[in-house]
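S.K.: Could you work out the structure for the sequence below:
(4 chains)
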Number of protein chains: 2
Amino acid sequence: MSLRHALLDLLAAGEPMSGYDLAQEFAVSLANVWPAQHSQIYPELARLVEEGLIVQTGEGPRGRKVYEATPAGVEALRTWLLETEPDYGVRSEAFLRSFALWTLTTEEAQAHLARDRAEYARHLQYLDTAIAAVDWSTSPSMRGRRLAIEFGHRFFTQLVEWADWASAQVEAGLLEPGGPLPAPPWEHSEGTDAKV
Amino acid sequence: MSLRHALLDLLAAGEPMSGYDLAQEFAVSLANVWPAQHSQIYPELARLVEEGLIVQTGEGPRGRKVYEATPAGVEALRTWLLETEPDYGVRSEAFLRSFALWTLTTEEAQAHLARDRAEYARHLQYLDTAIAAVDWSTSPSMRGRRLAIEFGHRFFTQLVEWADWASAQVEAGLLEPGGPLPAPPWEHSEGTDAKV
DNA sequence: CTATACATGTAACAAGTTACATGATTAA
DNA sequence: TTAATCATGTAACTTGTTACATGTATAG
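M.R.: Have a look, this model is predicted:
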């Protein structure tokens, strides 16, 4: 159900888009949220048209088909947000890899962490450049999307910081038997207690 | 390919485990990294046995089968880390939802963010309790896993902070036309520049 | 005129989820 | 004795990936 809502959101945001445009969008802004290939997008668009949640409002060269969300489509988006239970699960191969770092030597782990660090920093820099290039005040969707972008910015900032921290721990001998262990995390987290 | 490496990592960590044990582990510590159901785990275990990456080393009541990783299995884990390109993509429905918050009213968005916040804080608290209950010095795998746990701790801390930030922005009128927009993210991120 | 980007689609396969199915042990 | 938990598995379905297939417009 997530893919269709991602498409619906993009098409409801204002600008009419083609399947090709949407695929581009998935390759950049949605790549780290809900990746999708064009082979998945085109059939889903056909289903959305069939259900009346989007309509084709234009065409272009090379058989280009341009779609927009219908009022029913926007309503479906709202219903999704308001009436379905969020799935808070996250899937990340990079995170999974960190579970297995102990099978590497200190040097190998350092190399792995350095590569991760570079990749996260590269992505963060790209994000910041993208943020700076956009006028976030133009439309309601843009204004709201600013929240999502901040989420991404903080996420990648945190990844870079984690990689640096992990690298320092490994350098200090974490992976060597008898090496020092870091202090518990709660010593550097304050003000995030549950309001329950 | 990720599921098998997650299983391999757990079985290589030291303690022999059954499919049931592994499913429990996926329901807790790996739930926010690489979720998996028992229906996916049992067939994968059978394949891993067939390929000689794990062996059944014991049995228990109710047809319980206990497995351990073979040296070939540990080597396969290392090869995965050292010789395959990481997939840095992240999939998160909660993150995707934040893209569509603009379709909600200020009040509706606040309710949604409050629910997210509570869920993240709850999970963070659970994580911290779990961290405190464990002796991280016992084995190489435990020592290394400390890095992954820190990753999770920071991730959820950041989510709580983001939800608070987003809520404050919405409260200030971000979703209302003409309302104030937050300052660009880079103003509160320092020391994470790419070392490229 | 030729390579690249644009543009849409389908087919075969792999991965993941939900539901079904069965039965043993244990604690109250 | 009965409910909960332990324990393993399969089947049907949905979702997602990779590869195949085709053709048009544009820029150099």
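S.K.: For DNA strand D, what is the nearest residue in chain A?
M.R.: In chain A, the residue that lies nearest DNA strand D is A:S39 (3.1 Å; C-beta to the nearest atom of the strand). In this view, the C-beta of every residue, glycine as well, is placed from N, C-alpha and C.
S.K.: List the buried residues for the strand or helix carrying that residue?
M.R.: In the assignment (DSSP states H and E), A:S39 maps to helix A:38-50. Neighbour-count burial for helix A:38-50, counted by 16 or more other C-beta atoms under 10 Å in any protein chain shown, picks out A:41, A:44-45, A:48.
S.K.: Out of the residues you listed, flag the one nearest to B:H5.
M.R.: Within the buried residues of helix A:38-50, the smallest distance to B:H5 is 28.9 Å, found for A:I41 (C-beta to C-beta).
S.K.: Could you list the low-confidence segments of chain A?
M.R.: A:186-196 (pLDDT under 70).
S.K.: biggest helix in it by residues?
M.R.: helix A:140-171 (DSSP state H).
S.K.: Could you give me the buried positions within that one?
M.R.: Buried, per 16+ other C-beta under 10 Å, within helix A:140-171: A:141-167, A:169-170.
S.K.: filter those residues down to the ones near chain B?
M.R.: A:141, A:143-155, A:157-158, A:160-162, A:165-166, A:169-170 (C-beta under 8 Å from any C-beta of the partner chain).
S.K.: all helices for chain A, in order.
M.R.: Using DSSP H, helices in chain A cover A:2-12, A:19-27, A:38-50, A:71-83, A:93-99, A:106-132, A:140-171.
S.K.: Quick one: those as a markdown table, columns for distance to B:D21 too.
M.R.: Output for these, formatted as a markdown table (distance: least, C-beta to C-beta, whole Å):
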| stretch | distance to B:D21 |
| --- | --- |
| helix A:2-12 | 30 |
| helix A:19-27 | 37 |
| helix A:38-50 | 35 |
| helix A:71-83 | 36 |
| helix A:93-99 | 16 |
| helix A:106-132 | 27 |
| helix A:140-171 | 27 |
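S.K.: Of those helices, give the one that comes closest to B:A133.
M.R.: Nearest of those (C-beta to C-beta): helix A:93-99, 18.2 Å.
S.K.: elements contacting the closest one?
M.R.: Packing partners of helix A:93-99 (3 or more C-beta pairs under 8 Å, 6 or more residues apart in numbering or on different chains; DSSP states H and E): helix B:2-12, helix B:140-171.
S.K.: Flag every residue of chain A that's near DNA strand D.
M.R.: Residues of chain A that fall close to DNA strand D, judged by C-beta under 7 Å from any atom of the strand: A:1-3, A:34-37, A:39-40, A:61-63.
S.K.: Give me the subset of those residues that also touch chain B.
M.R.: A:2, A:34-35.
S.K.: so A:F99 sits right up against B:L7, yeah?
M.R.: No - contact between A:F99 and B:L7 fails when scored by C-beta atoms under 8 Å: they sit 11.3 Å apart.
S.K.: Compare neighbour counts for those two and give me the winner.
M.R.: More neighbours surround B:L7 than the other of A:F99 and B:L7, with 29 against 25 (other C-beta atoms under 10 Å in any protein chain shown).
S.K.: Skipping adjacent residues, who's closest to A:E176 in space?
M.R.: For A:E176, ignoring the flanking residues on the chain, the nearest one in space by C-beta to C-beta, 6 or more residues apart in numbering or on different chains is A:T106 at 6.5 Å.
S.K.: Count the residues that sit near that neighbour.
M.R.: A:T106: 15 neighbours (other C-beta under 10 Å).
S.K.: wait, what's in contact with it?
M.R.: A:170-171, A:173, A:175-176 (C-beta atoms under 8 Å, 6 or more residues apart in numbering or on different chains).
S.K.: And for A:R78?
M.R.: B:103-104.
S.K.: for A:I54, same thing?
M.R.: Taking C-beta under 8 Å, 6+ apart, one finds A:7-8, A:11, A:45, A:48, A:67-70, A:73 in contact with A:I54.
S.K.: thinking again about what came up before, the helices and strands packed on helix A:93-99: which one's closest to A:L82?
M.R.: helix B:140-171 (15.2 Å).
S.K.: What's the separation between the spatially closest residue to A:R4 that is not a sequence neighbour and A:E68?
M.R.: Sequence neighbours aside, A:E44 is the residue nearest to A:R4 in space, at 5.7 Å (criterion: C-beta to C-beta, 6+ apart). According to C-beta to C-beta, to the nearest Å, A:E44 and A:E68 sit 16 Å apart.
S.K.: now A:P16
M.R.: On the measure of C-beta to C-beta, A:P16 and A:E68 end up 5 Å apart.
S.K.: Between these two, which contacts overlap?
M.R.: A:T57.
S.K.: can you list the residues of chain A near DNA strand C?
M.R.: Close to DNA strand C, as judged by C-beta under 7 Å from any atom of the strand, chain A has residues A:18-21, A:23, A:38-39, A:42-43, A:45-46, A:60-65, A:91.
S.K.: separation between the nearest residue in space to A:R143 that is not next to it in sequence and B:A111?
M.R.: Ranked by C-beta to C-beta, 6+ apart and with sequence neighbours excluded, the top spatial neighbour of A:R143 is B:L174, at 5.8 Å. Look at B:L174 and B:A111: by C-beta to C-beta, they are 15 Å apart.
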